[in-house]
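>>> 3D, please:
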Amino acid sequence: MSNEKTEKSPKSAHNSWVGFRKELKVVDCTIRDGGLMNNSNFDDKVVKAVYDACVAGGVDYMELGYKNSDKIFSPSEYGAWRFCKEDDIRRIVGENPSDLKLAAMADAEKSDYKTDILPKENSPLDLIRVATYVHQIPLALDMVQDAIDKGYETTVNLMAVSTVTERELDESLELLAECGAKAIYLVDSFGSLYSEQIHYMINKYLRFARSTGKEVGIHAHNNLQLAFSNTIEAIICGANMVDATFAGLGRGAGNCPMELLLNFLHNPKYRVRPVLAAVQNDIEPMRAKLGWGFDYPYMITGFLNRHPRDAMKFNESPDAKDHIVDFYDDMLKNV
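Numbering: from 1, shown residues only. Here you go, the predicted structure:
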């Protein structure tokens, strides 16, 4: 008799099935976003554990890391998942004999995309996610088309939109709606957006995206402890690509936790038990060293709509917890 445990859907006090939508796709970003906390230096065992849990948990996509330039990011300092070379990918997944699709992110101005992103037939990757700021959109459009020409699915992550004007955002979305990407992502880069802003912006994105048959995605950060609730708000509004990470592992305050999201979605294809096992055995043991997750310095940068790099630097001090008010005062001087 098999010792494998069969996961049952837990009884819930919630009767709403608003989270169930068969066209909705879940994207795991644990290794990619988490790599911003350790320069992408993950042990193969951890990457394999996340991969196996995504497969067993029914997750739709796993983002393994970046396709960034080794001329900008030194391989002596950054791990394999900052570059996602095909030999490294195959070392973990082989030829990926599963329904899980594999993704990598290419940053505008940080990727030698013409040479480092191989034709699809030579790579286990399925999806190239192009990350761009507003001023980089012309380059991002070329990156999207290059990936499409090579046979990949593509999405565009529009970064730091909480810092741009309404006119800039409208002009950006108009351009992105005409490109070949399958989805445009709302990215709350600084974890500063509240639910009403998510509601407003997702509906704006949808107006542009649906005019050319695209989906809208959401990538939330947890500076204000709103990553999960903002992801729910985006789903309710119609976002059909949603990002999450195991135990919320990600830059600074982290991301929407995968284990919360899968339970919310009420879709029997998703199974949370494999995710919890990987969280318990492989992700949580890294927390003491990497130190991601909500804390007060990250909260302060979220309030102020600031990049969390200042909070990350502050947290490196051994007595940071004794100087939270000082950090707040320092941040206000630069507002």
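
>>> what about the strands in the stretch 101-250 of the chain?
For the stretch 101-250 of the chain, the strands defined by DSSP state E, counting those that start in this stretch occupy 101-107, 127-132, 153-158, 183-187, 215-219, 241-244.

>>> I'd like those as a markdown table, with mean pLDDT appended.
Converted to a markdown table, those look like this (pLDDT from 0 to 100):
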| stretch | mean pLDDT |
| --- | --- |
| strand 101-107 | 98 |
| strand 127-132 | 98 |
| strand 153-158 | 98 |
| strand 183-187 | 98 |
| strand 215-219 | 98 |
| strand 241-244 | 98 |
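
>>> Now render those strands as TSV, adding distance to Ile198 and mean neighbour count.
For the C-beta atoms, the positions are set from N, CA and C on the backbone; glycine is no exception. Listed next are those as TSV, based on distance: least, C-beta to C-beta, whole Å; neighbours: other C-beta atoms under 10 Å:
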stretch	distance to Ile198	mean neighbour count
strand 101-107	22	23
strand 127-132	19	26
strand 153-158	14	24
strand 183-187	7	24
strand 215-219	8	26
strand 241-244	12	26
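
>>> count of residues packed around Ala160?
By other C-beta atoms under 10 Å, 15 other residues sit near Ala160.

>>> Can you tell me how far it is from Val134?
8 Å (C-beta to C-beta, to the nearest Å).

>>> do the same with Asp243
20 Å.

>>> ditto for Lys101
28 Å.

>>> again with Leu127
Distance from Leu127 to Val134, by C-beta to C-beta: 23 Å.

>>> who's in contact with the closest residue to Val164 other than its chain neighbours?
Nearest residue to Val164, sequence neighbours excluded (C-beta to C-beta, 6 or more residues apart in numbering): Val134, at 5.3 Å. Contact analysis of Val134 by C-beta atoms under 8 Å, 6 or more residues apart in numbering lists Leu158, Ala160, Val161, Val164, Glu168, Leu169, Ser172.

>>> And for Ala49?
Contacts of Ala49 by C-beta under 8 Å, 6+ apart are Ala278, Asn281, Asp282.

>>> Of those, which is the nearest to Arg82?
Arg82 lies nearest to Asp282 out of the contacts of Ala49, by C-beta to C-beta, at 19.6 Å.

>>> List the contacts of the closest one.
Listed by C-beta under 8 Å, 6+ apart, the contact set of Asp282 reads Lys45, Val46, Ala49, Val50.

>>> Can you list the residue ranges for helices in the stretch 151-300 of the chain?
Along the stretch 151-300 of the chain, the stretches classed as helices by DSSP state H, counting those that start in this stretch are 166-177, 195-210, 227-237, 258-265, 273-278, 287-290, 296-303.

>>> of all those helices, which lies closest to Gly57?
helix 273-278 (4.5 Å).

>>> Point out the other helices and strands that the closest one packs with.
When contacts are defined as 3 or more C-beta pairs under 8 Å, 6 or more residues apart in numbering; DSSP states H and E, helix 273-278 packs onto helix 44-57, helix 258-265.

>>> For those helices, state which one has the densest average packing.
helix 258-265 (a mean of 22; mean count of other C-beta atoms under 10 Å).

>>> Number of residues surrounding Pro274?
Residues near Pro274, counting by other C-beta under 10 Å: 19.

>>> OK, contacts around it?
Asp52, Ala53, Ala56, Gly57.
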